[in-house]
Structure formats: C-alpha cells, structure tokens
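**Q** show me the folded form of this:
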Amino acid sequence: KNLTLPFSLTIALLCCSKNASSEPFASCFRRQNQNLNKLLTKLLAARKKKMPEHRPTEQNLTMKNNFLLTCCAAFFLLLTSCGGSSESISVDEAGKQNEKLLETMDKPVVAGWFVAEMTSSNMLEAELGRMASSKATNPQVRDLGQLLLNHHNQLNTQMKQIADLKNLVTPTKLQEDHQKIYNQIMEDPGSNFDQVYLAAIIKNHDQMVERFTDLAERGTDTELRNYAAKALPTLRAHVTSAQELQDQIGK
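**A** Below is the predicted model of the structure:
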C-alpha cells in the first residue's frame, strides 16, 4: 500500500491545482489512494493466478514487465480522468454551450445559465467557508464556514450529477465577480474579517435564494426544479444563521 502513496499524492496535487474550488486536497488524496490500492490489488491477484512460483524465466520476466507496464498505464488513466477534463471552463463558456444545446432541443435556455452561474455561486460559498473555518476569530463563524463548505460542495455535487445526465456543462472556475469577492476577502488582513465574511455570504445567499426560488416556481426542467426546491430551505437557513451572528458580533 505504501507504494501507492507517491502516485496518489501526485494525482491529488494535479487535481487540486486544476481548480482551487474543486474537491478538497485531503479528500482527493484519500480517494485516489483507495482507487490505486483497489486497482493494484486486483492486478496482483490476477498476476498470482497466471504465475505459479518457480525460477524466473524469460517468459516470466516478460510477464513481469507487462504487469509493470499495466500498472503504469492504469496510473496515467487515473491521472487523466481525475476531475474530468483538464480544460478550464468559465461560467460564460459553460452558459453559452448550454444555451446552444438547449436551443437545438427547443428548450428554455434559463436552465443552462442556472447551472453555470449557480455552480459558481456554490463554489464561492464553499471556498469562502473553507477560508472562514480557519481565518475567522469567532468560533461560531468558523463553525458556520465549515458548515457552508460541506453544504455547498454537496449542492454542487448534486448539480453536476443532474448536468451530466442532460449533457450540460458546469464551469470549473469562479465567474469574475465571484473571484473578485473571494480575492478581496482573502487579502483583507483586518480584524473585521468575520463581519466582512458574513456580509458577503448574506449578499450572495440572497441572490441565490432569488434564483433558486424562480427556478423552483417557474422552471420547466423537472430535475432542476426539484433540486432548487429542495435546496431552498438550506440556503434560507444559512442566511438566518449568518444574520444572527452578524447581529451578535455587531453588539
């Protein structure tokens, strides 16, 4: 198992370097290490069945070389498949591709832009939550940040599953205004981080609630409409928690 660690570490580092808002590094590392262990276990079991123990021969050496080549090939397959395509996709690119697809199917394009833009909103909330979980001074704000990190990663996982079923594209990076918000909060060294963070997530959540409500009430895509309706209570609970903490800290 220890032999898989360097490979798993390499895959995880490359996956996370593609998109800072994707799967957390620790989770990616554990998942890739498990995948490699399972794959190597299967390959070793198959090798034992084909190669009884006896002195090395030219044929056995050839089989051993083939086995090592197979392991290397499997490693590179995992590497190239990790996190999907290595291409970086912006919100605008994803939205336009979705719009073209839905137009050819004579369906409303609003669903395609919802997928693109709300994926970015979820990524922003997840990454701000990650930042707050370590940078906030108030322990309740840190806990809220961790909660939002978990919830919004889950929401994006569900969104991606629906998008894949419908051949819709999801972005791999934040849209420009979301990136600016993230950079501003990240670079703020002041002691008012907690208030700045809470104000930012309240504003973004208000916009998300508006978009999710609109889709839940007027959307024509059944899966996305159900997704939006189920997510709304969670989003509203986030707003309430953030507002309560904002009032508490401001006193």
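**Q** so where is the protein shaky, pLDDT-wise?
**A** Segments of the chain classed as low confidence (criterion: pLDDT under 70) are 1-86, 189-190, 251.
**Q** if you set the cut-off to 80 instead, what comes out?
**A** Counting by pLDDT under 80, the ranges of the chain that qualify are 1-87, 188-191, 250-251.
**Q** pull the longest helix from it.
**A** Identified as the longest helix of the chain according to DSSP state H is helix 222-250.
**Q** quick one: buried residues of it?
**A** Buried residues in helix 222-250, defined by neighbour count with 16 or more other CB atoms under 10 Å: 224-225, 227-228, 231-232, 234-236, 238-239, 241-242, 245-246. The C-beta positions use only the backbone N, C-alpha and C, and glycine is treated the same way.
**Q** Ser191 - nearest residue in space that isn't next to it in sequence?
**A** Among residues not flanking Ser191 along the chain, Thr137 sits closest, at 7.2 Å (CB to CB, 6 or more residues apart in numbering).
**Q** and that neighbour, how close does it get to Gly145?
**A** Using CB to CB, to the nearest Å, Thr137 is found at 12 Å from Gly145.
**Q** against which helices or strands is the host helix or strand of Val209 packed?
**A** Using DSSP states H and E, Val209 falls within helix 193-218. Secondary-structure packing of helix 193-218 (3 or more CB pairs under 8 Å, 6 or more residues apart in numbering; DSSP states H and E): helix 110-135, helix 139-165, helix 176-187, helix 222-250.
**Q** need those in CSV (columns: distance to Phe212).
**A** Shown next, in CSV, are the helices and strands packed on helix 193-218 (distance: least, CB to CB, whole Å):
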stretch, distance to Phe212
helix 110-135, 7
helix 139-165, 10
helix 176-187, 16
helix 222-250, 4
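**Q** hang on, the earlier thing: neighbour count winner among Thr137 and Gly145?
**A** Gly145 (25 against 11; other CB atoms under 10 Å).
**Q** where does Thr172 fall, helix, sheet strand or coil?
**A** Secondary structure, DSSP: H, G, I helix; E, B strand; the rest coil: Thr172 is coil.
**Q** what number of residues lie near it?
**A** Thr172 has 23 nearby residues by other CB under 10 Å.
**Q** next one: Ile181
**A** 18.
**Q** isn't it right up against Asn204?
**A** Yes - counting by CB atoms under 8 Å, Asn204 is a contact partner of Ile181 at 7.4 Å.
**Q** and the angle for the helix holding Val209 with helix 139-165?
**A** Helix 193-218 and helix 139-165 meet at an angle of 30 degrees, taking axes from the mean of the first three to the mean of the last three CA atoms, to 10 degrees as the criterion.
**Q** mind listing what's buried along helix 193-218?
**A** For helix 193-218, burial by neighbour count (16+ other CB under 10 Å) applies to 193-195, 197-198, 200-202, 204-205, 208-209, 211-212, 215-216.
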